[in-house]
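Asks: coords please:
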Amino acid sequence: MYIVVEGEDPGFDIFVNGRALARHEDSVEKLALSLGVRPLIEFFSADENSMSLLIEEGAGNAELVKRLPPPQWYFGSEGLATVNALIDALAEEPHKLGTEGPQVLEELQQYARVLEKTEERGLRWHLAVSWR
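Replies: The predicted structure follows:
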């Protein structure tokens, strides 16, 4: 799971691995719901480019690209509410998500940095998924 920032070049590095988060998406979703915040997966949106990449990677149907709704974009502050709540919960007990809990926490901290910069610059974002 990775962050896509609206526009060609946001002017800062948006790379976050997101693999540990993707592997533990169900647990992270349950944790978010227990904390009363929006689950990260609700920030997922796909545009034609990212769906084309997924199809090239062997996931999905090329016909779906033609029927995609427009991508949904979110303000940094919306994502930060979720990410910061998850960080606070895992900082107290990183192994709450098992042995990879510290990696999930680290990726969430990286998400927070990207979302803070997104918010500071008045840009919008969404999550995308890679199957690699």
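
Asks: just for this structure, where's the confidence low?
Replies: Within the chain, the stretches falling below the threshold (pLDDT under 70) are 47-68, 131-132.

Asks: where along it do the helices fall?
Replies: Taking DSSP state H as the criterion, the chain carries its helices at 19-23, 25-35, 48-56, 62-66, 76-92, 101-120.

Asks: Ok, which of these comes nearest Gly11?
Replies: Set against Gly11 and scored by C-beta to C-beta, the helices of the chain come closest in helix 101-120, at 8.4 Å. C-beta coordinates here come from the backbone N, C-alpha and C atoms, glycine included.

Asks: Number of residues surrounding Gln109?
Replies: Using other C-beta atoms under 10 Å, Gln109 has 16 other residues around it.

Asks: Same question for Glu8.
Replies: Counted with other C-beta under 10 Å, the neighbours of Glu8 add up to 5.

Asks: Quick check: it vs Arg38, distance?
Replies: Glu8 sits 27 Å away from Arg38, taking C-beta to C-beta, to the nearest Å as the criterion.

Asks: again, but for Asp13
Replies: Taking C-beta to C-beta as the measure, Asp13 falls 25 Å from Arg38.

Asks: now Val4
Replies: Val4 sits 18 Å away from Arg38, taking C-beta to C-beta as the criterion.

Asks: wait, Ser27 sits on Leu97?
Replies: Yes. If you go by C-beta atoms under 8 Å, Ser27 and Leu97 touch, sitting 5.1 Å apart.

Asks: quick one: which of those two has more around it?
Replies: For Ser27 against Leu97, the residue with the higher neighbour count under other C-beta under 10 Å is Leu97, and the figures read 23 against 16.

Asks: got CSV for the helices of the chain, with distance to Val129 too?
Replies: Converted to CSV, these look like this (distance: least, C-beta to C-beta, whole Å):
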stretch, distance to Val129
helix 19-23, 7
helix 25-35, 9
helix 48-56, 7
helix 62-66, 14
helix 76-92, 16
helix 101-120, 14
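
Asks: between these, which gets nearest to Ala128?
Replies: Counting by C-beta to C-beta, and looking across all of these, nearest comes helix 48-56 at 4.5 Å.
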